[in-house]
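**Q** sequence unknown, structure follows:
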Ligand SMILES: O=C(O)[C@H](O)[C@@H](O)[C@H](O)[C@H](O)COP(=O)(O)O
């Protein structure tokens, strides 16, 4: 299995239940963003969908500590998106907007710093490959503006949910798109015939995920326990087993998700 530069070893933190997991991740996220702003003047976060990921955003929005963040110096990106119309409630971005983005906009978050993945009624219409290329170009522009010299900007933290099948972002185990999703040189891919509906999706690739300073896998629920145990046993067939951050790889679990460890 290919690796993508420096990898950090997995660290596991177990919380009592989904509610405390989401609250603790939200607190950790606020502090991480504050630290990044002190260190480099700004922060970039890659968001995930899913129930826990969305609850984290709600908890950020309602956290008094989030008012300590200068949201005008934060960029938000997405790890994957369902390729449906812009107003479809299935979109991670729509769920995030309801959960947090409007509240953070009132605290200074700039609309142009909210980098949603294109929708199927966007500028490229119903062409997911063109939409993937468009998002890759947006990442490259941000990287150029930061002067980091790569294809994507610095991600201070990239959050991922994990499916019961061990998928992360829209990278599914055994799916044909996974090959392209592992290749250096593709930053964003279109995924067709996804085993989980809706069938068409956009996803960051594994090398891009691995470029993040910190990768946090945020996982709650007993239905994830097998996948969590298999992924933490070492790199293998599950996409969740192949992700890591350059500085830190954190598995943030509730007790149920950790029950097979
Ligand atoms: O695009 C999707 O279908 C979901 O976003 C999915 O990838 C989700 O992140 C995980 O399945 C974890 O979801 P839960 O947090 O709801 O368990």
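**A** Good, I have the coordinates. Keep in mind it's a predicted model, so treat the numbers as computed, not measured.
**Q** all helices for the stretch 1-150 of the chain, in order.
**A** With DSSP state H, counting those that start in this stretch as the criterion, the stretch 1-150 of the chain has helices at 18-40, 50-62, 92-96, 102-106, 128-146.
**Q** tell me which other helices or strands the second one touches.
**A** Contacts defined by 3 or more Cβ pairs under 8 Å, 6 or more residues apart in numbering; DSSP states H and E place helix 50-62 against helix 18-40, helix 92-96, helix 102-106, strand 214-219. Bear in mind the C-beta positions are built from the backbone N, C-alpha and C, glycine included.
**Q** tell me where the stretch 101-250 of the chain is predicted with low confidence.
**A** Judged against pLDDT under 70, the stretch 101-250 of the chain has no low-scoring part.
**Q** give me the residue from it nearest the ligand.
**A** At 2.6 Å from the ligand, residue 161 is the closest residue in the stretch 101-250 of the chain, using Cβ to the nearest ligand atom.
**Q** grab the nearest non-local neighbour of that residue.
**A** residue 50 (3.4 Å; Cβ to Cβ, 6 or more residues apart in numbering).
**Q** what does residue 186 give?
**A** Distance criterion Cβ to Cβ, 6+ apart; nearest residue to residue 186, sequence neighbours excluded, is residue 205 at 5.2 Å.
**Q** apart from its neighbours in sequence, what residue is nearest residue 248?
**A** Per Cβ to Cβ, 6+ apart, closest to residue 248 is residue 214, 4.3 Å.
**Q** now do the contacts for that neighbour.
**A** By Cβ atoms under 8 Å, 6 or more residues apart in numbering, the contact set of residue 214 is 32, 156-158, 245, 247-250.
**Q** kindly recompute the last result at 7 Å.
**A** Neighbour list for residue 214: 32, 156-157, 245, 247-248, 250 [criterion: Cβ atoms under 7 Å, 6 or more residues apart in numbering].
**Q** want to try a markdown table for the helices of the stretch 1-150 of the chain, with mean neighbour count as columns?
**A** Shown next, in a markdown table, are the helices of the stretch 1-150 of the chain (neighbours: other Cβ atoms under 10 Å):
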| stretch | mean neighbour count |
| --- | --- |
| helix 18-40 | 18 |
| helix 50-62 | 20 |
| helix 92-96 | 21 |
| helix 102-106 | 16 |
| helix 128-146 | 17 |
